[in-house]
Every structure is written in C-alpha cells, then in structure tokens.
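>>> With the sequence up front, the predicted model follows.
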Amino acid sequence: MVIWNESARIWVAQLDMYQAAAVATFMLVIGQLLVDRIEFLRRYCIPAPVVGGFIFAIAHAALRAAGVIEFDMDTTLQSVFMTGFFCSVGYMAAFGMLKKGGIDVIRFLILAVLMCCIQDVVGGFGAKAFGLDGKLGLAMGSIPLVGGHGTAGSFGQFLEERGVANATVVAVASATYGLISGCLIGGPIASAKIKKYGLKPKTSATGTSTDVDAPDLGDGEIKGDNLLPAAAYIIIAIGLGTIVSKLIGMVLTMPAYIGAMICAAIIRNVRGDSTPTTEINALGNVCLSVFLGLAMCNLKLWQLVDLALPMIVLLLIQTVIMWVYASYVVFPVMGKDYDAATMASGFCGFGMGATPNAMANMSAVVKQHGPAPVAFMVVPLVGSLFIDFFNAAIITAFANFL
C-alpha cells in the first residue's frame, strides 16, 4: 500500500511481512548472482544477502533523497528467522569438542573471549568520549566485529528496542568494514611472522602434513530424511527457549534468542552425535540468509551521516588493536610456530569479520607456505562452534553495564 506522508512530503510504500520477505529474498538472489561473478566479493567473503541488501539500501536512500518514494517494511519475520539462526548456532556448541581439541582450542577460545571484551570496552567508552550513548559503541565493538552481520542485525535490533537510535545501521556498516579489514591485515601478519622467524610447516616422516581430526562443523552431506527432525529440533528449542528467556529476563536484559541458544546447546550435549547437525546447520543458514536480507533491506543509510566521524575513528582504533593483539598476543600464546602464525591470520579474519574470512586468510597463507593442520582445526572450532555463545553473553553483560 502506498500512502502520502504530508510531514515528509513523500510517498511511502508500506510492505507487509510477506512482501518484505519477498523483496529481501529477491535481493538475496541478486546478491548471490553478483558474488558468483565478482572476484572481489568472493575474495573478501562478502555474504550474498549483504551485497543484495546494500544495493537495495543504497537505491532506497537515493530515491528518498530525490523525494520519489520511501519504503516502510514490516520486520516481523526478521525476528523469526533471526531466532531460528541463533538456535542452530546453539546446536553447534558440542562442549565435548573442547576436550577433543585440546589445550590449543581452549587457549584460542580464551584469547577470543578477551578480544570480545577489549572491543566492547573500546567501543563503549569510545562512544562516550564522542558524547554518544555507550551502548551505541557496542555496535562498533564485538557485536559487528567478532559477531559479524548476523549478530549485528540481531543485537542492533535489541539495542534499538532499548532506546539506542541507529544501532542496527551502525552495527551492519561496521560489520561490512570488519569483513574487508580483517582480510587485509590477516595475511600480512602471518607473512611477517613466517619471514621473521623462518617458520616452516610441521610435517611427518613422509613429508606430508601431520594428521589432525577435523571438527564436526555441521557441514557434511545433507540427508533429506533428516530435514524434518532437524526442523523439529529447532522449533522445540525455540519454544522452550521462550520460557528460559523470560526467566533470565527477570534478572538481565538480553535478546530473546538467547533462551533458544541455551536450550539448543543443552539438547545437543545431551543427545550428542544423534543430533542431525548437518541439516540443522543447513536450515540455520537459510534462516540467516533471509534474516540478513530483511535486515539489510531495512537499513536507513541516511541515518549514518551524523555518525561518520566517530565510526571512522573507533573502527580504525579497533583495527590497530586487532593487528597488535594478533601479532603480539595470539602468535606467541599459540606457540610462535608456523601454525601459530596461520592462526594469527585466522584470528584477524573472524575477530574482525566472520569465520569464512578466517578460513580465507588461512587458505591464502597455506597456499603460499604449506599446510597448517592444527590451525585448520582450532580456528573453525572456536569461530563456528563457541565464540558466538560467549560473545552473546559478553555483549549482554556490557549492555546492562553501560
């Protein structure tokens, strides 16, 4: 439905939740077509919904600036798909994998948790230094950087519901910056350490890389018969999660999906390997794509104008901190060997962007210098299975403190 907004002197197209989902899905398809054809987008692991959604957001801002039309979208389904995605993340948290991964996984996870805290301290107090709400600083902290676009969209909405204006658009823009910057600094850090210390890959007597069991990341072959049980797992955890969220909400302010994540993690660790993780992960990725598409299409880029300076300053500070942390903390703590250098590059990838960026960074390193099997077990294990869980708790704590 199109109505005339007399105060803004512009036509407004009101899209219900079905129409909004259709637009978001269409832009998702456009984004995927562009990602498939543009090497730059693939190199920096820019998600298809981000590409398509930004195109729509830019077009929307241009049409509004020209006084042609403005879009008002019903975001009801955004919350549904968001909860579905984070519920699937909870099912990936098999805490027995911490023991299987050994001390390297635990050390790397501790380093990642500390990075989340550092990013939120810098973001929160940095925003206050600019005279902004400290909670808005979280949208330039671990929400978009360690969390990525999924966490940016969800916690941005969470902050806005608590009176923090423009949190979503700031968080999503920061997440996009993080994707690119994380890739730009990761490779050079690893290369510098490898060159400085003359590091070489660890090999067996036969000259091949040492064997390390790959973690179960829910990325195996999808079985059609398991899709219905997988959907049931997600829906049941979401339903139980509403009760958990209400109970925790009596003490702490937190996003609604946290309860679903907790219930999913409990079910996964009780059910163990019988949980259809591959299919749950696939359904979660569908939820993430649609959720991100809706969040991106609903961005109001004109709201960024007054926040440009603090965003630029704080994100540059975050980038420098990540470079220093990866170079002088992650590398020595993880052993100062070739795998540690590779892990430092991966840390920049998911510490500033997302796990696919970490894998892209490490793949570029091993392509040039040789295999790093320990790094390829530790980084995705922490980045895909555990850090989202801890990051959500850290963000919630800071949101209640600031």
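On my side now, so go ahead. Small disclaimer: the values here were computed from a predicted structure and weren't measured.
>>> Is Lys200 located within a helix, as I assumed?
No: Lys200: not assigned to a helix; according to DSSP: H, G, I helix; E, B strand; the rest coil it is coil.
>>> and the gap between it and Val329?
23 Å (CB to CB, to the nearest Å). (C-beta placed from N, C-alpha, C; glycine too.)
>>> Identify the residue nearest the spatially most central residue of the chain in space, chain neighbours excluded?
Nearest to the mean C-alpha position of the chain, by CA atoms, centre = their mean, lies Gly148 at 2.4 Å. Counting by CB to CB, 6 or more residues apart in numbering, Ala354 is the residue found nearest to Gly148 once chain neighbours are left out, at 4.0 Å.
>>> Neighbours of that neighbour, how many?
Ala354 has 27 neighbouring residues, counting by other CB atoms under 10 Å.
>>> tell me the contacts of the residue nearest to the centre of the chain?
By CB atoms under 8 Å, 6 or more residues apart in numbering, the contact list for Gly148 reads 175, 178-179, 350, 353-354.
>>> could those residues be laid out in CSV, adding secondary structure, distance to Gly335 and pLDDT?
Shown next, in CSV, are these (DSSP: H, G, I helix; E, B strand; the rest coil; distance: CB to CB, whole Å; pLDDT from 0 to 100):
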residue, secondary structure, distance to Gly335, pLDDT
Ala175, helix, 30, 90
Gly178, helix, 26, 88
Leu179, helix, 28, 82
Phe350, helix, 19, 86
Gly353, coil, 24, 79
Ala354, coil, 25, 78
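>>> In those, find the pair that's most separated.
Taking CB to CB as the measure, the contacts of Gly148 span a maximum distance of 12.0 Å, between Ala175 and Phe350.
>>> Neighbour count: Lys200 and Val329, which is higher?
Per other CB under 10 Å, whichever of Lys200 and Val329 has more neighbours is Val329, with 16 against 11.
>>> Find the nearest non-adjacent residue to Met27, please.
Met27 sits nearest to Gly52 (CB to CB, 6+ apart), 3.5 Å away.
>>> Relative to Gly156, how far out is that neighbour?
Computed as CB to CB, the Gly52 to Gly156 distance reads 18 Å.
>>> now do Gly131
For Gly131, the distance to Gly156 equals 20 Å [CB to CB].
>>> Between the two, which is the more surrounded one?
Using other CB under 10 Å as the criterion, Gly131 and Gly156 rank with Gly156 on top: 28 against 7.
>>> shouldn't Ser79 be in contact with Glu161?
No: under the criterion of CB atoms under 8 Å, Ser79 makes no contact with Glu161, lying 10.4 Å away.
>>> Would you map the helices across the stretch 251-400 of the chain?
Assigned helices in the stretch 251-400 of the chain, in chain order: 257-271, 277-297, 308-325, 331-333, 338-352, 355-369, 373-380, 387-401 (criterion: DSSP state H, counting those that start in this stretch).
>>> most tightly surrounded among those helices?
Highest mean neighbour count among the helices of the stretch 251-400 of the chain (mean count of other CB atoms under 10 Å): helix 338-352, with a mean of 30.
>>> Okay, buried residues for the one helix or strand the residue nearest to Met27 maps to please.
Using DSSP states H and E, Gly52 maps to helix 48-65. By neighbour count on 16 or more other CB atoms under 10 Å, the buried set for helix 48-65 is 48-57, 60-61, 63-64.
>>> before we move on, the earlier item: between the contacts of Gly148, which sits nearest Asp225?
Ala354 (30.6 Å).
>>> List the residues that contact that closest one.
45, 47, 148-149, 179, 383.
>>> my guess is Lys200 meets Gly370, correct?
Yes: judged on CB under 8 Å, Lys200 makes contact with Gly370 at a distance of 7.1 Å.
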